[in-house]
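**Q** Take a look and give me a structure for this.
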Amino acid sequence: MAEKKSALAAGAARAKGERAKRTSTPLIGAEPVLVAPATTHRPTPVISSAPSKKAARQSGERTRVPRLSPRAKRLADERAGSRAHLTLASSSELPPADHESYAADAFRPSASPATTASPATPASPAASAQSAPTSGPATAAKASASSSPGGSLLGALSALPLPDPSAAVGSLVALLRTAAHAAGVAPEDIEQGVAAALAFLRRRIDGDYRVDDFGYDQDFTESVFYPLLRPIYQKWFRVEVRGIENIPDEGGALVVSNHSGTVAIDSLMLQLAIHDEHPRHRAMRALGADLVFQTPFLGTVARKAGSTLATNADAEGLFARGELVGVFPEGFKGVGKPFKDRYKLQRFGRGGFVATALKAQVPIIPVAIVGAEEIAPIIGNMTTVARLFGLPYAPITPTFPLLGPLGLIPLPSKWIIAVGEPIHTESYGPEAADDPMLVFDLTDQVRETIQQSLHEVLVTRRSVFF
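**A** Residues are numbered from 1 along each chain as shown. I've put the predicted structure just below:
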């Protein structure tokens, strides 16, 4: 048993010695691995160039300019104080602001050196007594102005002749009369226009004008907006109005018209025609699309001229005040249709304008406008450009975009506005606005009436431009 234990111990010792020998002996052909020593700090950067002055100033780096000593700073302040500076006169040397002689003599030219007395020559008693009453604030002001460095400049400026305001206005009126005579316009019309413009400016300055809840400014519309449209209405399009007596003298009414012309100026011409041709000079309040009031400047002018948003609430509010409301049911479909579809009415929508008229119990007045289709015939549509700018259409006409901005000038076609007989809604009652079949029937009746009127006017028209 003892021999067996000693044999086992000897075998364990040999195995232990072999394992220690294998771990201490390197492999044949294997290269030793060298471990690099760990660095304790980062290398110092090398500056290849000096920073610029701007970089040093922005970083707040101090320059190497030496600071002045107290003695050197005191000497610099003394040298700066010894320089000549501008000084203001004291209040005691100036005359009072409300003195009459100062207001009359302050800007008169100063006396010339030849007429001023020399300081070495004594003045006689008579001369002193004669000049004593004239001495005062005005004389002191003139003396100070002459003795001051800017006295000569003030005298030179005061010597210039100042224009008389009345003479300037008279010269302007004479120039306008001459230009009007050369242009074939009556000079009296020019004078009336100048007087109206001055009166408008005075009312604006005094605040003597009124704007209603919808933004309508009657003074601006009748004094500025309509006068700008009248030359186009009378000379360019030569608008002829028929059936103006069908528009009531008072009370609310709904004017329904066709819409065309690429640029929607037919609404402006209809608005001016009703104002100028009607005996009561009624103002039509047009209902416009959202795009009109979202456009800068155009939306503001449209509001001031009487237009408002095409909503039931605004239309009912205008009818409640007894206003004349204008609507164009075709919308952009009528304005942007191609020239081959001219004078063919587009769909009138769902008849919302008829329902509003039924609810307000106001008459519906159909209007046909002939001549607007020819001012800018649409021969194509740039859909990509329209989609890019968020427009309903981008027209191609014979002159646009070929002629650039000049292509936007409308052609001088002859316009005829025919106002039809009113369609009364009092017999239906306000509850008829909730009847869709009746609303559709009245909508079709209004559309067919306008279409028939367009055909009648086209038959009687002699020419597009005459």
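
**Q** Contact partners for the residue lying closest to Tyr428 once chain neighbours are set aside?
**A** With CB to CB, 6 or more residues apart in numbering as the measure, Leu358 is the residue that lies nearest to Tyr428, at 5.8 Å, once sequence neighbours are left out. From N, CA and C alone the C-beta is placed, and that goes for glycine too. Counting by CB atoms under 8 Å, 6 or more residues apart in numbering, Leu358 makes contact with Thr425, Tyr428, Gly429, Pro430, Ala432, Ala433, Leu438, Val439, Leu442.

**Q** Give me the pLDDT value at the third one.
**A** Just to be clear, that refers to Gly429. Gly429 is assigned 90 on the pLDDT scale.

**Q** ok so, going back, Glu426 versus the residue nearest to Tyr428, what's the distance?
**A** 10 Å (CB to CB, to the nearest Å).

**Q** Can you get me a residue count around the nearest residue to Asp314 once chain neighbours are set aside?
**A** In space, and not counting its chain neighbours, Asp314 is closest to Thr308: 4.7 Å by CB to CB, 6+ apart. Number of residues near Thr308 (other CB atoms under 10 Å) recorded here: 24.

**Q** from memory His424 sits against Val362, does it?
**A** No - assessed by CB atoms under 8 Å, His424 is found out of contact with Val362, at 9.1 Å.

**Q** the more surrounded of those two?
**A** Using other CB under 10 Å as the criterion, His424 and Val362 rank with Val362 on top: 25 against 12.

**Q** OK, contacts around the closest residue to Ala386 other than its chain neighbours?
**A** Excluding the flanking residues, the one nearest Ala386 by CB to CB, 6+ apart is Ala394, at 4.0 Å. Ala394 makes contact with Asn381, Met382, Thr383, Val385, Ala386, according to CB under 8 Å, 6+ apart.

**Q** Ok, Pro401 next?
**A** Pro401 neighbours (CB under 8 Å, 6+ apart): Gly407.

**Q** Does Ala167 lie in a helix or a strand, and which?
**A** Using DSSP states H and E, Ala167 sits in helix 165-183.

**Q** still on that earlier bit, reformat the contacts of Leu358 into JSON lines and put secondary structure, neighbour count and distance to Ser413 next to each item.
**A** JSON lines is the format used below for these (DSSP: H, G, I helix; E, B strand; the rest coil; neighbours: other CB atoms under 10 Å; distance: CB to CB, whole Å):
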{"residue": "Thr425", "secondary structure": "coil", "neighbour count": "21", "distance to Ser413": "34"}
{"residue": "Tyr428", "secondary structure": "coil", "neighbour count": "16", "distance to Ser413": "38"}
{"residue": "Gly429", "secondary structure": "coil", "neighbour count": "12", "distance to Ser413": "43"}
{"residue": "Pro430", "secondary structure": "helix", "neighbour count": "12", "distance to Ser413": "41"}
{"residue": "Ala432", "secondary structure": "helix", "neighbour count": "17", "distance to Ser413": "39"}
{"residue": "Ala433", "secondary structure": "helix", "neighbour count": "20", "distance to Ser413": "38"}
{"residue": "Leu438", "secondary structure": "helix", "neighbour count": "16", "distance to Ser413": "38"}
{"residue": "Val439", "secondary structure": "helix", "neighbour count": "21", "distance to Ser413": "35"}
{"residue": "Leu442", "secondary structure": "helix", "neighbour count": "22", "distance to Ser413": "32"}
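
**Q** and the two most separated of those?
**A** Pro430 and Leu442 (14.0 Å; CB to CB).

**Q** Which of the three states applies to the residue nearest to Tyr428?
**A** helix (DSSP: H, G, I helix; E, B strand; the rest coil).

**Q** Look up how far Ser223 lies from it.
**A** Distance from Leu358 to Ser223, by CB to CB: 37 Å.

**Q** Can you show me the CA trace of the longest strand anywhere in the chain as CSV?
**A** Criterion DSSP state E: the longest strand present in the chain is strand 364-370. Provided in CSV are the C-alpha atoms of strand 364-370 (Å, rounded to 0.1, in the frame of the first residue of the first chain):
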residue,chain,number,x,y,z
ILE,A,364,-81.8,88.8,-58.5
ILE,A,365,-80.6,91.0,-61.4
PRO,A,366,-78.9,89.2,-64.3
VAL,A,367,-76.1,91.1,-66.2
ALA,A,368,-74.3,90.1,-69.4
ILE,A,369,-70.9,91.7,-70.2
VAL,A,370,-69.7,91.5,-73.8
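
**Q** What's the first helix or strand after it?
**A** strand 380-381.

**Q** Show me what that next one is packed up against.
**A** Packing partners of strand 380-381 (3 or more CB pairs under 8 Å, 6 or more residues apart in numbering; DSSP states H and E): strand 395-396.

**Q** who are the neighbours of the strand it packs on, in terms of helices and strands?
**A** strand 380-381.

**Q** Only C-alpha atoms, please: export whichever helix or strand comes after the strand it packs on in CSV.
**A** Using DSSP H and E, the next helix or strand after strand 380-381 towards the C-terminus is helix 383-389. Extracted as CSV, the C-alpha positions of helix 383-389 are listed here (Å, rounded to 0.1, in the frame of the first residue of the first chain):
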residue,chain,number,x,y,z
THR,A,383,-49.9,74.6,-65.6
THR,A,384,-46.4,74.0,-64.1
VAL,A,385,-45.9,77.8,-63.6
ALA,A,386,-49.4,78.1,-62.1
ARG,A,387,-48.8,75.2,-59.7
LEU,A,388,-45.4,76.6,-58.7
PHE,A,389,-46.9,80.0,-57.7
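
**Q** Any chance you could list what contacts the helix holding Ala167?
**A** In contact with helix 165-183 (CB under 8 Å, 6+ apart) are residues Ala186, Pro187, Asp189, Ile190, Glu191, Val194.

**Q** Chain neighbours aside, what residue packs nearest to Ala360?
**A** Nearest non-adjacent residue to Ala360 (CB to CB, 6+ apart): Phe319, at 3.9 Å.

**Q** The one you found: which element?
**A** helix 312-320.

**Q** related to what we said a few turns ago, could you export the contacts of Leu358 as JSON lines, including distance to Arg462?
**A** Formatted as JSON lines, these follow (distance: CB to CB, whole Å):
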{"residue": "Thr425", "distance to Arg462": "37"}
{"residue": "Tyr428", "distance to Arg462": "40"}
{"residue": "Gly429", "distance to Arg462": "45"}
{"residue": "Pro430", "distance to Arg462": "45"}
{"residue": "Ala432", "distance to Arg462": "42"}
{"residue": "Ala433", "distance to Arg462": "43"}
{"residue": "Leu438", "distance to Arg462": "40"}
{"residue": "Val439", "distance to Arg462": "39"}
{"residue": "Leu442", "distance to Arg462": "34"}
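
**Q** Looking at these, spot the one nearest Glu373.
**A** Distances from Glu373 to those, taken by CB to CB, are shortest for Leu442, at 26.0 Å.

**Q** residue contacts, that closest one?
**A** Gly351, Val354, Leu358, Ile364, Ile423, Thr425.

**Q** Ile247: what's it in contact with?
**A** Ala253, Val255, Ile274, His278, Arg282, Leu324, Ile365, Val419.

**Q** Model confidence for it, exactly?
**A** So Ile247 comes in at 96 (pLDDT).
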